[in-house]
Each structure stands twice: as C-alpha cells, then as structure tokens.
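> Let's see this in three dimensions:
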Amino acid sequence: MNLPNRLTLARIFLIPLFVTVVSLQVPYGDYLAAAVFILAASTDGLDGYIARKCHLVTRLGMLMDPLADKLLISSALISLVELHRLPGWVAMIIIGREFAITGLRSLMAAEGVVLGASIPGKLKTITQIIAIVSLLLQDTPFSVMRFTPGNLAMWVAIIFTIWSGLDYLNRGWSILKKGGF
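Modelled structure (predicted):
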C-alpha cells in the first residue's frame, strides 16, 4: 500500500470522526469539525499530487479516491442538513450530481473509456469544500435571501456543481455516441 492510497484511506477513516465531532454540541465544536473536515479534504489534493509526481497511480487509488471524496462531501452535506444549516434540496442537487456522474463514468469504463477529471470538476470540488467549511462555521441556516459568506459560497458551489455535471454529461455523451452506444 503506497502513500497516496494511505492518504485516501485516511480520508475515509476521518469521516466517522468528522460526523461525530460535527454532531456534538460542545464549545468550539464547529471549529473542531471544520478542522477535521479541512484535514480530510486536504488529503484529496495531496494524494493525487504525490501519486502523479512519484508515479504511484494505482487502480485501487483510481477507484478509492473519487469514492472517498463523495463520501466526505456527502457526509458533510447530510450533517449540515441535520444541523438545519442547509436545506435538503441543496444536498440532493450535489449528491444527485455525484451519483449521475459516477454512473456515467461506470458506463464508460464498461466500454473501456476513461472520462478524466475536468477543470470544472476540480473547481466544483474546491467550491464545495469552501462552502461546507463556511457553513460549518456559520451559525445561521442557509437561506436564499440571506447574504452571508456561507450562503454565497454555497451558491457558488451549486453553480459549479451543475456546470461541471453538465460538462461531464456532454463530454461523456459525445464519446459514447462516437462509439455507437
């Protein structure tokens, strides 16, 4: 097991700690939850960087890395819904996009085609992380009409989530059509 794969697994193992900490009603609990989330999220960029730079890309890493990302983001969104800081429809847009793109990638993989990460997809991940941390540190619920840093960050994340989803669907569909699917 190489270092990038260990970092990916560490991200997965940090998820239960994050969920536990975020659900505790203790002084400074939001800051501790944000710190655990940031630590877990930072392993994403680090594992990919090390894997590419040191030529340590493995099939396990290619499978587990996106799964770890989806688990972390989904657990954070569901936790924010539970804390009444995010409406369920926002979480469903983001989580639904993840399921749709995962399904598309699985279909394409079955056809022997890899749909690589895109710039909009990377921006989506960054904006989601920023929005989640902002909402973890924001004591008020997400609102369409309230202009707080957390709310604005989440709107940016929603826009990038939809944009990157449409980008992946467009690229994937174009490739599948050429293959006679």
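> packing partners for whichever strand or helix holds Tyr31?
Secondary structure from DSSP states H and E places Tyr31 in helix 29-53. When contacts are defined as 3 or more C-beta pairs under 8 Å, 6 or more residues apart in numbering; DSSP states H and E, helix 29-53 sits against helix 3-23, helix 59-82, helix 119-137. Where C-beta positions appear, they are placed from N, C-alpha and C, glycine not excepted.
> Take these and lay them out in a markdown table including mean neighbour count and distance to Ile175.
Converted to a markdown table, the helices and strands packed on helix 29-53 look like this (neighbours: other C-beta atoms under 10 Å; distance: least, C-beta to C-beta, whole Å):
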| stretch | mean neighbour count | distance to Ile175 |
| --- | --- | --- |
| helix 3-23 | 18 | 26 |
| helix 59-82 | 19 | 18 |
| helix 119-137 | 21 | 15 |
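> Quick one, which of those gets closest to Ala41.
helix 119-137 (4.8 Å; C-beta to C-beta).
> Toward the C-terminus from the closest one, list the very next helix or strand.
Following helix 119-137 in sequence, per DSSP H and E, is helix 149-178.
> how close does the residue nearest to the spatial centre of the chain sit to Leu63?
With distances taken as C-alpha atoms, centre = their mean, the residue of the chain nearest its centroid is Ile73 (4.1 Å). Going from Ile73 to Leu63 by C-beta to C-beta, to the nearest Å gives 17 Å.
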